[in-house]
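> Got a predicted structure plus its sequence, pasted below:
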Amino acid sequence: MATPLTIVQVMGRLGIGGVESHVTRLSEGLVRRGHRVMLLVQDPGTYGEAVKAAGIRLATAPFNRDGLLRAIELTRPSGADIVHAHNYRPARFGRPLAEALEARYLMTVHGPRAGWKRVMFSDWSDTVLTVSQADRDNIVGPFGLPARRVEVGFLGVDTEIYRPGIGTSALRAEWEVPEASPLIINVSRFTHRKARPAIRLLEALPIVRQQIPRAMVVFVGEGEELDRISESVKRVNGQLGERAAVVAGPRDDIPAVMNAADIVVATATAAIESLAAAAPTVAFGRTGYFGVVTRDNLEHARAVCFADHGRLRDISADRFAADLVDLLAENAAARRTAKEVRSAVEEKYSVERMVDHVEGVYRRIIKAE
């Protein structure tokens with residue numbers, strides 16, 4: 001049996017979001033394998049207790065000089081083998097922490113960054129992980145890192161939790177969505193450019209309803225743009241003369257949410273969760289519009305993190321509406337396609353396979369010491 005490792009994961013806030021889900025799933029998977037994991041955050045958010053219940057030690061410290069001293073004091077007794085920082089700001093904190101602990105250091109990049117910011121950044125690890133090919137492309141080059149230093153990983157999903165067959169009648173009743181109404185659900189963190197799909201979806205909804213009269217939209221998530229989306233929902237509902245769009249806000253029953261949808265519009269982690277639930281999924285995120293995810297284009301979709309990374313085209317409300325109408329009009333076929341995609345996700349992108357990969361990177365880095 002391999003020697004258990006002591007790992008310090010460093011991230012900003014333990015709230016709702018893709019990075020948070022990724023780090024939590026990774027940490028839980030490592031604990032199940034007998035490793036000791038500490039999650040060091042600035043803010044435990046809403047999931048701190050759940051993390052501790054999973055056997056992960058939780059510690060908090062501000063990401064500043066005083067916080068670094070506190071973090072060293074908290075983590076030194078553990079005898080950390082590796083400090084794993086997730087994204088840029090945690091990396092600026094994680095690298096000096098690793099040096100103080102005489103531990104190995106690893107950084108994972110979770111999203112694109114402007115070129116001038118990459119040039120100014122210096123806290124890279126010797127090996128850098130990314131969660132998409134587009135993220136790798138973003139940091140490799142003349143003003144970035146050599147390709148040999150960057151390794152592409154992936155977002156793992158628990159296909160036992162995110163699965164088809166979860167009852168959704170209570171959800172529809174809560175949202176006052178009739179069982180006969182085709183339902184489009186946009187699951188996202190509604191911040192900055194990630195709110196653009198929601199706005200485009202509201203523009204497309206009246207066009208969709210010309211051919212699918214009972215179609216409704218529900219927005220699930222949180223973020224600073226949610227108020228603007230709520231105002232747009234009121235305006236569109238007023239134009240249509242009925243309640244066709246609903247803001248549900250943040251929820252913790254996302255597997256059921258995915259099952260309630262006839263179409264899910266999502267990006268990044270939410271998209272892979274939707275696919276695991278065998279929901280027809282349209283990838284639309286902060287970097288543009290990818291479109292309907294199928295088994296044939298799954299790897300292409302993953303390469304751009306389901307339209308969260310890379311560079312994609314925007315889409316007009318008319319074109320978006322046409323894609324949505326096609327999926328709703330032939331929903332049985334769309335669901336068959338979604339089941340095929342789930343099979344591929346279950347085979348290749350489970351949490352256990354993700355943990356396999358990252359654990360292998362840890363051992364390789366430690367062995368190279």
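Sure thing, it's come through. Residues are numbered from 1 along each chain as shown.
> For S316, grab the count of nearby residues.
Residues lying near S316 (other CB atoms under 10 Å) number 13. Where C-beta positions appear, they are placed from N, C-alpha and C, glycine not excepted.
> What pLDDT is listed against it?
pLDDT recorded at S316 is 96.
> would you list every one of the strands in the stretch 51-200 of the chain?
In the stretch 51-200 of the chain, the segments counted as strands under DSSP state E, counting those that start in this stretch are 57-60, 82-86, 104-109, 128-130, 150-152, 183-187.
> contacts for the helix or strand bottoming out on mean pLDDT in the chain?
In the chain, no helix or strand scores lower on mean pLDDT, DSSP states H and E than helix 115-120, which sits at a mean of 76. Residues from elsewhere that reach helix 115-120 (CB atoms under 8 Å, 6 or more residues apart in numbering): Y88, N138, I139, F143, G144.
> one more time with 10 Å, if that's ok
With contacts defined as CB atoms under 10 Å, 6 or more residues apart in numbering, helix 115-120 is touched by Y88, V109, P112, R113, A114, W124, N138, I139, G141, F143, G144, L145.
> Among those residues, name the buried ones.
Y88, V109, P112, R113, W124, N138, I139, G144, L145 (16 or more other CB atoms under 10 Å).
> Take those residues and lay them out in CSV including distance to P44 and pLDDT.
Listed next are the buried ones among the contacts of helix 115-120 as CSV, based on distance: CB to CB, whole Å; pLDDT from 0 to 100:
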residue, distance to P44, pLDDT
Y88, 21, 93
V109, 24, 95
P112, 27, 83
R113, 26, 81
W124, 27, 96
N138, 30, 91
I139, 29, 93
G144, 33, 84
L145, 32, 92
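> Which of those residues fall within helices?
Y88, N138, I139 (DSSP state H).
> Out of the residues you listed, which is nearest to R36?
Nearest to R36 out of these is Y88 (CB to CB; 26.1 Å).
> What count of nearby residues applies to R148?
8.
> shouldn't it be in contact with T127?
Yes. Taking CB atoms under 10 Å as the definition, R148 is a contact partner of T127 at 9.2 Å.
> Can you list the low-confidence ranges for this protein?
For the chain, the stretches flagged by pLDDT under 70 are 1, 369.
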